[in-house]
Structures are given as C-alpha cells and as structure tokens.
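J.: The sequence isn't on hand, but the structure is:
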Ligand code: GLN
C-alpha cells in the first residue's frame, strides 16, 4: 500500500480537501486504484450530531455513515464508494480503544496515548486502506490520508505521531507527504514566513513533507518559489503553486501542469505497480473528459439562475453537495450556474413588516429565478417561507426540486392549497395538526428519537402507470433505483388517496414509504424523499438535479432524449 498524506499548516479551510482529492484523481488517470481516509481530530464520534453550520453539511454514505463533507469530495472526484470507517475522528478512535480496554484486551497494561492509541490509529488506517472502493472490487494501490486541521493543533497531536510511525511502518518509497500552506499577499508582496514556520512545526513533529502546496490568490512568483525552496530546504519543483482558479475543477489541471504525477511516481515508485490496461484506458478517458468539461466551463456565457430556499444559507458549505450537483448539471446543460441564496424566513409574511426590504428582495429573487430548490433540513425555522416558495413554483410553472424536507414541503403546500386541508403540516413541526400529512415512520423504535434516522442506500420502486414521469425517463426507465437517505419523517400513507393529483410515482420496496412525488402538468415539479446530491458525479450528474436544471434552462426535452450522454459545449462526446 502506498500512502499519500495531505496535511495542513498556517490555517485550515484553504482547500486541503480539494488538493487531496485532485491528487487522487491524477493517480486514477494513470490507472491506479485509489481510496481515501479523512481524519477529523474533533471529539464527536461522527458528524451526524453536528449542525451543518458547524463544519458544513453532513455527508451520508451508502452504509448510512454520517461523515465529514470531504468524503463527498473524494467520492465525487475519484468516483468511488467509501464506508463510514474511512472517516476517523478522535471520538471514534478513543471509543474503539476504550471498548478494547473494557474487554480486557490490554492484559492489565496501563493504556496510553502512545503506544495504544497511536497503534490503534495505524492499524485502523492499514485495515481500511485495503477495503475495495470501486468496480474492480479489489484492494486499492494508493490511499490518500487527509489530516483535518493544522499540524500543531493540540487535538491532532496523537494523529500526527501515529502518522509519523506509519511512515516507518510503510517503509521506503511507500509514504509521501504533501503539506498545504498559505502564502498571503501583504501590500502586494507574497509572504513566505508563515510557510517557513509551518514547515518548522511539521518537522519538529518528526514528519518531513515531500511536497509543499502553497495556496495563494495569485500564481506564485519565481522568486517566492525559490525563497520557499531555500528556507524549507526542498527543491524548487517540490513547491507546488496552487493559486485561486475559476473553479475547484481546475485544481487537478493546475497540479498536473506542475508535474505532480511525475513527482509522486518518483518518490512512490509507482511505475513498479501493476496497472490493469482497462483501468488505464478508463483513467485516461476520464481525464480527457474532465479537461474538456472544465475548460468548456470557462467559455460559458448563458446562465441558469437557481433560487436555493433554505435555512442554513449563512454558511454555503451547509449545502455543499447540493451546490456541486447543481454545478454538474449546469455544466451538462452548457450553462453557467447563477446560484441565488434565499433565506427561507425572509419569505414569510411577518418579514414584510419586520424588514420589508429583505422580504421584497427575497421574493424578487424567487420570482425571477429560472428554478426553485428547497433542500433538506430539520426543525420549524423557515418552513412557512419554503411552503410559500413551493406554491409560487407550482402555480407559476417554475421548475421545482424538493429534497427530503423539500419534498415534505411540497406535500404540505399541496394539501393546504389544492386539497383545502387548512393547517396541514408535518408532525415534526406541528405535533397536533388536524392534517398530519407528514408523520414519524421509523424503521425501528416508534417511541425513541435517538438512532431512528433512516440512513443510507435504499431502493425506490417505480409504481405501475408512472411511465409518463419525467424523472423516471431521466433515470433510464429502470424498475428500481438506489439512492441515499437521511430522514425520520415520511408522507402519511393515509393521506395518499386524499392528495389526488399529487403523483407518488416512486415508493420503497414495501410500498409503504413515498419516495418520489411529481406533478404531471408542470414543466418540472419533483420532490424526492432521498438525497440525490450524495451520488452526483462531475461527469454523471444526478438525475433529479439534471432534470431540474435542464427544465430551468428550457432544454429538458433535449436532455430526455439522451440523459446519459456526456456533452461538452453542445457537442456529444463518445
Ligand atoms: N426533517 C425531515 C425528516 O427528518 C427532513 C430531513 C432532511 O431533510 N434531511 O424527515
């Protein structure tokens, strides 16, 4: 197993995840099998209990693991399927060691951070790195390990030590480290001191980065590169310049231009690995398409404007996968995505007196958008605003996509305004409503909220007579689809008959749970109980998003003819 450690210095949040996944993508283009592990040094056992406003969205995996959003980047860039074990947190690793201690596994020894915790971290990495993640179903060649935060943080110290030891365990030519640093520009000058300090820190922890990836607003000047190389005691080519680019899709191109594959190959002796010709061909094809699509994006002029009506709009990372899915679809439709953030609460009637300017601005945004999207969410705040936005979309023939909560919102709106069920609601929001159209339908316990979320991949079966469904056609008219879930509440089966005109075209395999609603006489009005954004890929946009964006651009008919085609700048790529 070859390991590529991506660590950070100076500050976090400067794109370590994108650099790590771009590195993985480049390794895949030469036919290698690549997996990844994300280490989050926080105490939470997983990301499931954290508000999206903390670290951004909670990403959900096939196995139901609720993990850090960086795993989403890896799945999207590398087109792989990870497990909950690919995300290690301090909470998870301590829990593991403490469980072993309680079992008596340590045979009376004093259990310590070094060696017991650090050994457990290394064992975990070695075990999980070997889990197959792609269609080959075989052991990966390379594992990208991304260490969250920055080296020097108190909480990441045991991980840094474990990684230092892992480098020894892995042996020569099997471990490479990329340290991501920041080069700020002060009064027009690129400053290298923070990077020098960061390298000093990481070396004092016993690690020696092979490559220093410098984030900077502008391309690094030659003299900056030389200065960093000199003071950090590396060769000029070991300094990678990662300046701000038009989109994150450009980062792999930027790294490739600086010869990253050659640098990795040299240290890790990648040429000695056996590469399957079919994988090499596939990797090269992916790379060609990636480059075509990314460069074509720079030449797009026509826009599609999408209003995202949500609750966590202050932190855009709260909806990262949703945004990525919209981007994938906009690229496929040959449009630039103009994403308009609308705080759902601003659409509510009380806002018209509290802050009229905000209210009117929000409504202007919704009314002028080409499409309206209501994403997932929890709790009451903003739900009346979302219901109002769904009504606008339904009655004005504006394409609508409701995801999870957004589907429940569409059902509530229809019940109230079409079926005359005044006060219809979800019991999550209004426990004693006269018309509980959305109810608690756990797969397990009916009395306890804890651990009752419906999580992970589940089948949806297309219902008889749903052949007209635009979404079904987009999915290729199969009988069944698989998508990831994260919810607790469901459409109340007792109301299905009463909600006539609202078509429940997809249900779960027992026919009890409503998975997809769609209106017939509307350009595109779809609600899905699942989260399609978790499975969208750059070169294979998620179908509900694709249909929604295509309808918003007015090109749905064209897309329906060839939903799986890859099109770059209007030209079909074979
Ligand atoms: N709060 C809703 C539920 O639990 C929707 C969840 C979501 O949108 N992820 O069912």
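T.: Yep, it's here. Nothing here was measured: the structure is a model prediction, and the numbers come from that model. Residues are numbered from 1 along each chain as shown.
J.: give me phi/psi at residue 243?
T.: Phi and psi for residue 243, reported as degrees, to the nearest 10, are phi -90, psi 170.
J.: same question but for residue 517, I mixed them up
T.: Backbone torsions of residue 517, given as degrees, to the nearest 10, read phi -120, psi 150.
J.: Number the residues from 575 up from this point.
T.: New numbering, starting at 575: the last item is residue 1091.
J.: shouldn't it be in contact with residue 1118?
T.: No - using CB atoms under 8 Å as the test, residue 1091 is too far from residue 1118 to be in contact (11.5 Å). All C-beta spots, glycine's among them, are computed from the backbone N, C-alpha and C.
J.: tell me, what's touching those two both at once?
T.: Common neighbours of residue 1091 and residue 1118, using CB atoms under 8 Å, 6 or more residues apart in numbering, are residue 1100.
J.: In contact with residue 653, which residues?
T.: Residue 653 is in contact with 602, 708, 860, 1111, 1113, counting by CB under 8 Å, 6+ apart.
J.: if we go to 6 Å?
T.: residue 1111 (CB atoms under 6 Å, 6 or more residues apart in numbering).
J.: Ok, residue 1135 next?
T.: With CB under 6 Å, 6+ apart, residue 1135 has no contacts at all.
J.: if I look at the residue lying closest to residue 918 once chain neighbours are set aside, how far off is the ligand?
T.: Leaving aside its chain neighbours, residue 918 sits nearest to residue 956 (3.1 Å; criterion: CB to CB, 6 or more residues apart in numbering). The gap separating residue 956 from the ligand is 12 Å, by CB to the nearest ligand atom, to the nearest Å.
J.: burial of residue 956, as a residue count?
T.: Per other CB atoms under 10 Å, the neighbour tally for residue 956 reads 25.
J.: between residue 1091 and residue 1118, who's got more neighbours?
T.: Per other CB under 10 Å, whichever of residue 1091 and residue 1118 has more neighbours is residue 1118, with 29 against 24.
J.: Against residue 1103, how distant is that one?
T.: 11 Å (CB to CB, to the nearest Å).
J.: List phi and psi for residue 826.
T.: According to degrees, to the nearest 10, residue 826 has phi -60, psi -40.
J.: for it, what are its contacts?
T.: By CB under 6 Å, 6+ apart, the contact list for residue 826 reads 596, 599-600.
J.: Out of those residues, flag the one nearest to residue 721.
T.: Of all the contacts of residue 826, residue 596 has the smallest distance to residue 721: 16.6 Å, by CB to CB.
J.: for the residue nearest to residue 918, what are its contacts?
T.: Taking CB under 6 Å, 6+ apart, one finds 885, 918-919 in contact with residue 956.
J.: excluding its backbone neighbours, what's nearest residue 979?
T.: residue 951 (4.4 Å).
J.: For burial, what's the neighbour tally of residue 767?
T.: 13.
J.: Need phi/psi at residue 577.
T.: Dihedral angles (degrees, to the nearest 10) for residue 577: phi -110, psi 140.
J.: How about residue 687?
T.: Here residue 687 shows phi and psi, under degrees, to the nearest 10, equal to phi -60, psi -50.
J.: okay, the residue nearest to it when sequence neighbours are not counted: pLDDT?
T.: If the residues on either side of it in the chain are set aside, residue 687 comes closest to residue 732, at 5.2 Å by CB to CB, 6+ apart. Turning to residue 732, the model gives it a pLDDT of 96.
J.: any idea which element residue 732 lies in?
T.: Using DSSP states H and E, residue 732 sits within helix 731-744.
J.: Counting by contacts, list what that helix packs against.
T.: Packed against helix 731-744, as judged by 3 or more CB pairs under 6 Å, 6 or more residues apart in numbering; DSSP states H and E, are the following elements: helix 692-703.
J.: other SSEs contacting the helix it packs on?
T.: helix 664-677, helix 731-744.
J.: For it, give me every contacting residue.
T.: Taking CB under 6 Å, 6+ apart as the rule, helix 692-703 contacts 575, 611, 659-660, 667, 670-671, 717, 732, 735-736, 739-740.
J.: so how many other residues sit close to residue 709?
T.: For residue 709, the neighbour count with other CB under 10 Å is 12.
J.: re the thing from before, check the contact between the residue nearest to residue 979 and residue 886; I expect there is one.
T.: No - with contact defined as CB atoms under 6 Å, residue 951 and residue 886 do not form a contacting pair (7.2 Å).
J.: Looking at the helix or strand hosting residue 771 now, give me its mean pLDDT.
T.: Using DSSP H and E, residue 771 falls within helix 767-778. Per-region confidence: helix 767-778 scores 94 on mean pLDDT.
J.: Could you give the separation of the next helix or strand after that helix from the chain centroid?
T.: Counting by DSSP H and E, the next helix or strand C-terminal to helix 767-778 is strand 785-790. Once both centres are worked out by CA atoms, centre = their mean, to the nearest Å, strand 785-790 turns out to sit 23 Å from its chain's centre.
J.: Okay, buried residues for the following helix or strand past strand 785-790 please.
T.: Using DSSP H and E, the helix or strand that follows strand 785-790 in sequence is helix 796-806. Buried residues in helix 796-806, counted by 16 or more other CB atoms under 10 Å: 798-799, 801-803, 806.
J.: which strands and helices sit next to helix 796-806?
T.: By 3+ CB pairs under 6 Å, 6+ apart, helix 796-806 packs against helix 767-778, strand 813-817.
J.: Need the distance between the two termini of stretch 948-967.
T.: Distance across stretch 948-967, first residue to last, is 11 Å (CA to CA, to the nearest Å).
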